[in-house]
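Trainee: please work out how this folds:
(chains A and B)
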Amino acid sequence: MIDRRELLQRAAAMLGGAVSASAAAGVLAGCVATPPVEGDTPDYSWFTPTEAATMTALAARIIPATDTLGAVEVGAVPYIDNMMANYHEPQERQILREGLARIDRESQAAHQRPFAALTEDQQVQLMTGWDEEAYAQSQSDIGKSDPPRHFFRMTKELTTLAFFTSEYGATEFLQYKAVPGEWRADVPYSEIGRAWAT
Amino acid sequence: MTDLASKSREERTFDAIVVGSGISGGWAAKELCEKGLKTLVLERGPQVKHGTDYKTFGHNPWDFRFPGGRVPQEEIDRHYPKQSRTGYTINDAWKHWFVKDDEHPYTEVSRFDWMRGYQVGGRSITWGRQSYRHSPMDFEANAREGVGVDWPIRYEDLAPWYDHVESWIGVSGREEGLAHLPDGKFQPPMAFNVVETTLKEKVEARFPERRITIGRTAHLTKPTDEQVKLGRGQCQNRNLCMRGCAFGAYFSSNGSTLIAADHTGNMTLQPDAVVTEIIFDPETSRATGVRVLDAETGDRVEVYAKVIFLCASTLNSAWIMMHSVSDRFPNGFGNDSGQLGRNIMDHHFLVGAQAEVEGFEDRYYSGRRPNGIYIPRFRNLGDDETKKDFLRGYGYQGGASREGWQRLVAELGFGAGMKEKLQDPGAWTIGITGFGEMLPYEDNTISLNHEVRDIHGLPTLTMDVTIRDNELAMRKDMQEAGVEMLEAAGFQNVRGYERPYAPGLGIHEMGAARMGRDPNTSVLNGWCQVHASPNVYVTDGSAMTSASCVNPSLTYMALTARAADHAVTQLKRGEL
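Mentor: Numbers count the residues shown, from 1 in each chain, chains lettered A, B, ... in the order given. Modelled structure (predicted):
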């Protein structure tokens, strides 16, 4: 029987001698979310500078940097910008855009400052209200075939997706095996110790 | 581009022509070449070389232009409005294995989901790989119930060919000793996780007529020497199969049959060759060849052979026959019965049950098993106990797993606490989905549409196919019995579900040129030969007389291998 190492070598040879999967993927990698470089001013194609600042604050509160990196550090904001510019339907773009405008309106009304300029506590307090509103809406929408999307739920979804499909989120925060080899159907969790990314 | 046009008539003459290179065409190619026939394989789409042409094989989620492989909505709207209907087919990981709807349109009288790929290997690259035998009951049902026409063959006719095909492709599975789901030649089964084991124990104790087994799937778990020599290896449990497998661990034409056919030196594989018509000689009542349109240049050329295998997929084999009109066959090739393009079937699904499972938080798994559990049919097995108010039956496919990082998006909360929770897996959940048999209805049809043309200017298809009362009654039972089993297992928050199903979405199109005993009511005989032109064999899903409720590809392969053996025997006897 062929062992796993030999299979991997054969697969690598078939991929034209690529040493790693990432290298083989290079052609398509143009739009991958990458961590921002310090001091770099990101060039957004969909967000206005104000919206980008608001989204950065939202992402930082949803998945904050702790003893591990947070969503902003792995490039969630350019990711969401790309998603909005190229991947979403016009209707969804409008929901997020109106949501971001509402965030600043309510922030101004409550604290006379834009959302990005609030303290973390103030941000979290406002976000908790929107989170509850989104949750209540999702509960009352149960059973509806195509319920309207709530901007805060969208924001949470996009931030989470950005974080966990990033290389850091998948391989360091969680764990990931490109080629598991074995299927071990029943293993004590203590032996594995962390959720699989996929 | 093909270079057929520049060749002499002699160079364009073969012993056999195989139209299509998918599951069925690959098998026809292998068997005919191994039996010594010089064989031309015509594939309408481009070449896909095993390994080197699986361009996303090594991608991690973050390696795609957008992580996870999401395709821009605008691109979906323009090219894939129908091919995206499954919810999973149009992803950068594998969308190149599917046609563009704007290049290959079709017309729906009522919704019909026709998921397909035009390339060497066809849908054998993206198939679900579940591999089950039809049972004796399946071959007898039409005659017993007076539905459609009788199959001209019985299980015993096909059993040795199932053996032959399973041994060669490699099917992992467990023997169960069930008359209604015959065992096969299996490689070692994949294992259940702890929740699936619990389900099995509880359900089998409560319902003695029900069985829960592991999916029988065309993956190598213990490759044979023959498979290793062909360059195939053991499954690595990535569960990214639809991208194409450079390990050759699951069965595809590209990684298996076409390689074996090529090794004989008897195969000429011609990509980019769209077959438009079968050429018929009324004096001999034999086909003499086919007309080919070069997909790139538009050049047309004829190629010739003693025997022709149509393996272009159910609806496209029927298209070729309907498009092959002559004085002898004014209504389509071999269509004396009027049955060509009728009796279209699929497996109806998107109905079942799901549950959450408390406990087992200390248990997990490692690897991504490309397979699930299978619950074989347990209705209408011939006794009073299992009899229901509908005909035939259904099986379930499903599985249990622990929730991942997606789970908290819908819940209240965010921030460091949520982030930390997501580092551990969530609760166990389980789901089972029924796949039900659809009866053959004469007025479930496809027909040629000369108004709507494809990218080559050829007529297209119009589909008029619906499910009826029998399927609707079955669906009700599929949901109820699913709920009943998950409840019997003691799981929590058990809920049935049913989503709207339209024919085609099972991607198991069948019928269109059914086999039968009587030329007046069927298109093909018991060897898959066209009644009125015996040197034309049609061995893909179009030959199916009834659908069973099990995944059909294994049966196409067995029918094809059996037909190829017959063709070579008949050729030697001078009877084709």
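Trainee: tell me, how many residues neighbour the closest residue to B:H219 other than its chain neighbours?
Mentor: Nearest non-adjacent residue to B:H219, counting by C-beta to C-beta, 6 or more residues apart in numbering or on different chains: B:C235, 4.3 Å away. C-beta coordinates here come from the backbone N, C-alpha and C atoms, glycine included. Neighbour count of B:C235, defined by other C-beta atoms under 10 Å in any protein chain shown: 29.
Trainee: quick check, B:C235 in contact with B:G248.
Mentor: No: using C-beta atoms under 8 Å, B:C235 makes no contact with B:G248, being 10.0 Å away.
Trainee: any idea which strand is longest in chain B?
Mentor: Secondary structure of chain B read by DSSP state E shows that its longest strand is strand B:300-310.
Trainee: do you know the pLDDT at A:S140?
Mentor: Here, the pLDDT recorded for A:S140 equals 89.
Trainee: residues touching B:G289, list them.
Mentor: Contacts here follow C-beta atoms under 8 Å, 6 or more residues apart in numbering or on different chains; on that basis B:G289 touches B:T13, B:I17, B:I278, B:I279, B:E302, B:V303, B:Y304, B:A305, B:I308.
Trainee: what sits against B:S337?
Mentor: Counted by C-beta under 8 Å, 6+ apart, B:S337 has contacts B:P519, B:N520, B:T521, B:S522, B:V523, B:H531.
Trainee: give me the element it is part of.
Mentor: Counting by DSSP states H and E, there is no helix or strand that carries B:S337.
Trainee: gap between it and B:Q130?
Mentor: 32 Å (C-beta to C-beta, to the nearest Å).
Trainee: most surrounded residue in the contacts of B:G289?
Mentor: Neighbour max across the contacts of B:G289 (other C-beta under 10 Å) = B:I308, 32 neighbours.
Trainee: hmm, that one is touching B:F280, no?
Mentor: No: look at B:I308 against B:F280 with C-beta under 8 Å: they stay out of range, at 10.4 Å.
Trainee: would you mind listing the residues touching both of those two?
Mentor: B:A287.
Trainee: which ones are touching B:D384?
Mentor: B:D384 neighbours (C-beta under 8 Å, 6+ apart): none.
Trainee: tell me how far it lies from chain A.
Mentor: Note on B:D384: its distance to chain A, by C-beta to the nearest C-beta, to the nearest Å, is 38 Å.
Trainee: pLDDT wise, what is A:R149 at?
Mentor: 88.
Trainee: surely it is in contact with A:I95?
Mentor: Yes: applying C-beta under 8 Å, one finds A:R149 in contact with A:I95, separated by 5.3 Å.
Trainee: which residues are common contacts for those two?
Mentor: With C-beta under 8 Å, 6+ apart, A:R149 and A:I95 have no common neighbours.
Trainee: circling back to that earlier point, each with direction, which strands does the longest strand of chain B pair with?
Mentor: strand B:13-19 (parallel), strand B:286-294 (antiparallel), strand B:533-538 (parallel) (DSSP bridges).
Trainee: pull out the buried residues from the shortest one.
Mentor: Within strand B:533-538, the residues that qualify as buried by neighbour count (16 or more other C-beta atoms under 10 Å in any protein chain shown) are B:S533, B:P534, B:N535, B:V536, B:Y537, B:V538.
Trainee: residues in contact with the closest residue to B:D518 other than its chain neighbours?
Mentor: Distances taken as C-beta to C-beta, 6+ apart place B:V149 nearest to B:D518, at 7.0 Å, with adjacent residues excluded. Listed by C-beta under 8 Å, 6+ apart, the contact partners of B:V149 are B:N142, B:R514, B:G516, B:R517, B:D518, B:T521, B:S522, B:T545.
Trainee: same question, B:Y80
Mentor: By C-beta under 8 Å, 6+ apart, the contact list for B:Y80 reads B:V71, B:T89, B:I90, B:K95, B:F98, B:K100, B:D101.
Trainee: model confidence for it, exactly?
Mentor: With respect to pLDDT, B:Y80 scores 98.
Trainee: show me what secondary structure element comes after the helix or strand of chain A with the lowest mean pLDDT.
Mentor: When each helix and strand of chain A is scored by mean pLDDT, DSSP states H and E, helix A:21-24 comes last, with a mean of 28. The C-terminal neighbour of helix A:21-24 among helices and strands, as given by DSSP H and E, is helix A:49-62.
Trainee: report all helices and strands that the next helix or strand after that next one contacts.
Mentor: Following helix A:49-62 in sequence order, the next helix or strand is helix A:76-86 (DSSP H and E). Using 3 or more C-beta pairs under 8 Å, 6 or more residues apart in numbering or on different chains; DSSP states H and E, the elements in contact with helix A:76-86 are helix A:49-62, helix A:90-111, helix A:151-164.
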